[in-house]
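> Pasting the sequence and the predicted coordinates here, then a few questions.
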Amino acid sequence: MTFSCCGIGAFRTRLEATGARHIILTGIEAHVCVLMSTLDLIALGYTVHVVADAVTSRTQANWRLAMDQLRQAGAVVTTTETVLFQLLRQADTDEFRELAKLIR
């Protein structure tokens, strides 16, 4: 029942067990849950990439303000396509060719 995913002990335990230091975050209510989760993750030392086109709020104003706050707090605000290509790293793979068909 917490607004931040970091308020759930099992989430933090599993996240710490992965050894990951970069988090890709998507979700609903950018100005509440996504914002609070991001702030907590940054405070814990994670680099958080918030995928702006995979995050929503009830109003456009709430979404815009949340994106501004996230940037100011040090989150990387990005897009789905950017994240996917960053993960793939190169275009001469079967994975890229399959993904390219999906995003066109």
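Arrived safely.
> Using the three-state scheme, assign Thr2.
Of the three states, Thr2 takes coil according to DSSP: H, G, I helix; E, B strand; the rest coil.
> Pull the number of nearby residues for it.
Neighbour count of Thr2, defined by other Cβ atoms under 10 Å: 12. All C-beta spots, glycine's among them, are computed from the backbone N, C-alpha and C.
> Would you mind confirming that it is in contact with Gly9?
No. The pair formed by Thr2 and Gly9 falls short of the contact definition of Cβ atoms under 8 Å, at 10.1 Å.
> can you confirm Val55 is in a helix?
No. Assignment of Val55 by three-state DSSP gives strand, placing it outside any helix.
> Pull up the per-residue confidence for Glu81.
Confidence per residue is given as pLDDT, and for Glu81 that number is 89.
> in which helix or strand would I find it?
In this structure, Glu81 sits in helix 80-88 according to DSSP states H and E.
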